[in-house]
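*Asks:* 3D model of this:
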Amino acid sequence: MWRPPVLGRPDAAAQKKLWIMAAGPPDEVQRSRPLMEAMGRAVTMMGEEAWRANLTKIAVNFMLASMLEAMGEAFALVRKSALAARGATR
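*Replies:* Predicted coordinates:
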């Protein structure tokens, strides 16, 4: 049995809007595809080796965390500058 990694919060799972990254033997992936398509809005094949799907999930999570950090730094810069007094953060 294999378990493809997914991207999406619990509310996305409830709405069947997960992004599913499938990797594994092609016959197993094809057999499971209807179930994956019922659970998510996208199923992306990542190859036959499971590590490819896992690495992709880690990379996407890293990208999201980096984006949030950059946004926080940008807001802190604006808040600590004269721009904040002019309403740039509203």
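
*Asks:* tell me the secondary structure for Trp2?
*Replies:* Following DSSP: H, G, I helix; E, B strand; the rest coil, Trp2 is assigned to coil.

*Asks:* which ones are touching the closest residue to it other than its chain neighbours?
*Replies:* Leaving aside its chain neighbours, Trp2 sits nearest to Gly24 (4.7 Å; criterion: Cβ to Cβ, 6 or more residues apart in numbering). Every C-beta, even on glycine, is put in place using the N, C-alpha and C of the backbone. Gly24 sits next to 2, 4, 48, 50 when contact means Cβ atoms under 8 Å, 6 or more residues apart in numbering.

*Asks:* What is the burial count for the second one?
*Replies:* So the one you mean is Pro4. Residue crowding around Pro4 was assessed by other Cβ atoms under 10 Å; the count is 23.

*Asks:* Tell me how many other residues surround the nearest residue in space to it that is not next to it in sequence.
*Replies:* Excluding its sequence neighbours, the residue lying closest to Pro4 (Cβ to Cβ, 6+ apart) is Ala22, at 4.5 Å. Residues near Ala22, counting by other Cβ under 10 Å, number 24.

*Asks:* Ramachandran coordinates for Ala22?
*Replies:* As for Ala22, its main-chain torsions (degrees, to the nearest 10) stand at phi -100, psi 140.

*Asks:* Distance check, it against Ala82.
*Replies:* Per Cβ to Cβ, to the nearest Å, Ala22 is found 51 Å from Ala82.

*Asks:* and if you look at Gly72?
*Replies:* Noted for Gly72: a distance of 20 Å to Ala82, by Cβ to Cβ.

*Asks:* Same question for Trp2.
*Replies:* 55 Å.

*Asks:* For those two, indicate the residue with more neighbours.
*Replies:* The residue with more neighbours, out of Trp2 and Ala82, is Trp2; 12 against 8, by other Cβ under 10 Å.

*Asks:* Next, the residue nearest to Trp2: secondary structure please.
*Replies:* coil.

*Asks:* so what does the lengthiest helix in the chain touch, helix or strand wise?
*Replies:* If you go by DSSP state H, the chain has its longest helix at helix 50-79. Judged by 3 or more Cβ pairs under 8 Å, 6 or more residues apart in numbering; DSSP states H and E, helix 50-79 is in contact with strand 6-7, strand 18-22.
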